[in-house]
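Student: I'd like to go over a predicted model; first the sequence, then the structure.
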Amino acid sequence: MIGKLTGRFGGEQSDGSIILDVRGVGYQLRVPQGSLRELAAAAGDVTLFVHTAVREDAIDLYGFAGEEELSFFKLLMSVSGIGPKSALAILNTADVATLKRGIARGDAATLTKVFGIGKKSAERIVVELREKVTLTVGYTGTASGSSDAEVMEALVSLGYSAQESREALKRAGDGGNLPAQALTRERLAAALKYLGTPQKI
């Protein structure tokens, strides 16, 4: 069982996996898109926390830049019907904090629209993980948690990809202590400005 690997980024493969060169040995891992960008930009050694998935015909390695990402990946796989490939696909659509807030809100419809998850899978995730996630994020129904999902949904509906929307949301800031509706408008305007398309909201 491999728990952690430290080495140099050896490039991306045609199937979307990456090679991590550990003292001359190339390990093939599947990583979230966010981790891939960090690896590609790294100049020296990098460390990935690893999950080993054993199948009848293969052993697959999944690598993560942080322990929180790995922990949430495993939590997703505890949901019936969600395997490692599905869990990785979910992590590719939003950062861990945004996903947790969406689950804590219990809004399966929003999860489906924003994160590209099928309706049944989204409902299972909410039902099976809501209590666990709520304990870890301390969700209390705050405006900022709602704002994240609403801004993401608006950006995706305007034609931006999940990756572009996610990056813009990070750049939008927390918006201060504005009321919920004003907070969403403020953050959406900031996200659109970052994307280079300022509009009247």
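Tutor: Good, I have the coordinates.
Student: Next, Leu158: phi, psi?
Tutor: phi -80, psi 0 (degrees, to the nearest 10).
Student: and the longest helix belonging to the chain, what's its mean pLDDT?
Tutor: In the chain, taking DSSP state H as the definition, the longest helix is helix 119-137. For helix 119-137, mean pLDDT is 79.
Student: buried residues in it?
Tutor: Neighbour-count burial for helix 119-137, counted by 16 or more other Cβ atoms under 10 Å, picks out 121-122, 124-126, 128-130, 133-134. Just so you know, the C-beta spots here come from the backbone N, C-alpha and C atoms, and that holds for glycine as well.
Student: residue contacts, the residue lying closest to Asp45 once chain neighbours are set aside?
Tutor: Nearest non-adjacent residue to Asp45, counting by Cβ to Cβ, 6 or more residues apart in numbering: Thr6, 5.5 Å away. With contact taken as Cβ atoms under 8 Å, 6 or more residues apart in numbering, Thr6 is in contact with 22, 45-48.
Student: what about Thr6, which SS state?
Tutor: Put simply, Thr6 is strand when judged by DSSP: H, G, I helix; E, B strand; the rest coil.
Student: quick one: it from Glu164, how far?
Tutor: In this view, Thr6 and Glu164 are 31 Å apart by Cβ to Cβ, to the nearest Å.
Student: Show the average pLDDT along the host helix or strand of Leu192.
Tutor: Using DSSP states H and E, Leu192 sits in helix 180-195. The pLDDT scores in helix 180-195 average 81.
Student: which of the residues in it are buried?
Tutor: Result for helix 180-195 [16+ other Cβ under 10 Å]: buried residues 183-192, 194-195.
Student: Give me the helices and strands touching that helix, please.
Tutor: Packing partners of helix 180-195 (3 or more Cβ pairs under 8 Å, 6 or more residues apart in numbering; DSSP states H and E): helix 143-157, helix 162-171.
Student: Reformat these into a markdown table and put mean pLDDT next to each item.
Tutor: Output for these, formatted as a markdown table (pLDDT from 0 to 100):
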| stretch | mean pLDDT |
| --- | --- |
| helix 143-157 | 67 |
| helix 162-171 | 76 |
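Student: what would these look like in TSV with mean neighbour count and distance to Gly26?
Tutor: Listed next are these as TSV, based on neighbours: other Cβ atoms under 10 Å; distance: least, Cβ to Cβ, whole Å:
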stretch	mean neighbour count	distance to Gly26
helix 143-157	21	36
helix 162-171	18	27
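Student: hang on, the earlier thing: okay, the angle between the helix holding Leu192 and helix 162-171?
Tutor: 110 degrees (axes from the mean of the first three to the mean of the last three Cα atoms, to 10 degrees).
Student: before we move on, the earlier item: between the buried residues of helix 119-137, which is nearest Met152?
Tutor: Within the buried residues of helix 119-137, the smallest distance to Met152 is 14.1 Å, found for Ala122 (Cβ to Cβ).
Student: Looks like the closest one contacts Arg105 (just checking).
Tutor: No: between Ala122 and Arg105 there is no contact under Cβ atoms under 8 Å: 11.8 Å.
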